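K.L.:
I'd like to go over a predicted model; first the sequence, then the structure.
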Amino acid sequence: AQSVSQHNHHVILSEAASLELGCNYSYGGTVNLFWYVQYPGQHLQLLLKYFSGDPLVKGIKGFEAEFIKSKFSFNLRKPSVQWSDTAEYFCAVKIHDMRFGAGTRLTVKP
Amino acid sequence: EAGVAQSPRYKIIEKRQSVAFWCNPISGHATLYWYQQILGQGPKLLIQFQNNGVVDDSQLPKDRFSAERLKGVDSTLKIQPAKLEDSAVYLCASSLEAGANYEQYFGPGTRLTVT
């Protein structure tokens, strides 16, 4: 069965620090990968997605993610975080249905 | 463009009671999803509709949960009778079509507390 693991439950950073959130999935075939974000009091929204092609995917608000097939990973990165990036981040994998990780709460201190 | 609407936003019930949630997807979206998000976990798909037909309900606890989308637009999710472990946020999402390359748009969710 497919599963998604997010390594960090809660990450605390200062503004301008670099961010990397880990995501690993367990499925050997072709996958569609997503990162969603939920800002405080708002709906879940799509940050970026990977289906095929260039494994480095750029999303909104300066986020990017790299698909490394050999490591079954799809880590989310941002070179310099802002206070407004404080949110919960969910990695998701879609094969037949969408499976979400447990989420990582990011707190950015001003 | 109006987003996915859900009501109520909050609901508190006692165990063994019944509850229903309503979802109105984005206009024109053929695919509708109901997810359950328990505190500290990611959303878990309960059921997926394509127009008014069920595509996937493999993770729906059918002894107590039911859902319908009779006219292929609005949908209701019902729990009868509720258990303590049903306390969660119930998210509705919609997409233009069912394929993975179609973005899912989420509603604000209904937070259910079962006491």
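P.N.:
It's in. Numbering: from 1, shown residues only, chains lettered A, B, ... in the order given.
K.L.:
all strands for the chain, in order.
P.N.:
As the question left the chain open, I've gone with chain A. A:4-6, A:10-14, A:19-21, A:23-25, A:32-38, A:44-50, A:56-58, A:64-68, A:73-78, A:87-94, A:98-100, A:104-109 (DSSP state E).
K.L.:
not quite, go with chain B.
P.N.:
Going by DSSP E, chain B shows strands at B:5-7, B:10-13, B:19-24, B:31-37, B:44-50, B:53-56, B:65-68, B:75-79, B:88-95, B:105-106, B:110-114.
K.L.:
of the ones you listed, which is nearest chain A?
P.N.:
strand B:105-106 (4.1 Å; CB to the nearest CB). Every C-beta, even on glycine, is put in place using the N, C-alpha and C of the backbone.
K.L.:
so how far is the closest one from its chain's centroid?
P.N.:
Relative to the chain's own centre, strand B:105-106 is displaced by 11 Å; criterion: CA atoms, centre = their mean, to the nearest Å.
K.L.:
coming back round to it: the strands of chain B: which one's closest to A:P55?
P.N.:
Ranking these by proximity to A:P55 (CB to CB) places strand B:88-95 first, at 24.2 Å.
K.L.:
and stretch B:46-61, which residues are buried?
P.N.:
Within stretch B:46-61, the residues scored as buried using 16 or more other CB atoms under 10 Å in any protein chain shown are B:46-49, B:56-57, B:60.
K.L.:
pLDDT below threshold where in chain B?
P.N.:
B:1 (pLDDT under 70).
K.L.:
how about the residue of it found nearest chain A, nearest residue that isn't a chain neighbour?
P.N.:
Closest residue of chain B to chain A, CB to the nearest CB: B:G42 (3.1 Å). Distances taken as CB to CB, 6 or more residues apart in numbering or on different chains place A:F100 nearest to B:G42, at 3.1 Å, with adjacent residues excluded.
K.L.:
now swap in A:S26 and tell me
P.N.:
Closest to A:S26 by CB to CB, 6+ apart is A:S3, at 4.9 Å.
K.L.:
can you check the pLDDT for that neighbour?
P.N.:
pLDDT recorded at A:S3 is 88.
K.L.:
kindly report the same for the one 10 residues further on.
P.N.:
We have a pLDDT of 98 for A:L13.
K.L.:
count of neighbours near it?
P.N.:
If you count neighbours by other CB atoms under 10 Å in any protein chain shown, A:L13 ends up with 17.
K.L.:
same check on A:A16?
P.N.:
Around A:A16 there are 10 residues (other CB under 10 Å).
K.L.:
list the contacts of it.
P.N.:
Taking CB atoms under 8 Å, 6 or more residues apart in numbering or on different chains, we find A:A16 in contact with A:80-81.
K.L.:
one more time with 10 Å, if that's ok
P.N.:
A:79-82, A:108 (CB atoms under 10 Å, 6 or more residues apart in numbering or on different chains).
K.L.:
quick check: it vs A:V108, distance?
P.N.:
For A:A16, the distance to A:V108 equals 9 Å [CB to CB, to the nearest Å].
K.L.:
and for the two, which residues touch both?
P.N.:
A:81-82.
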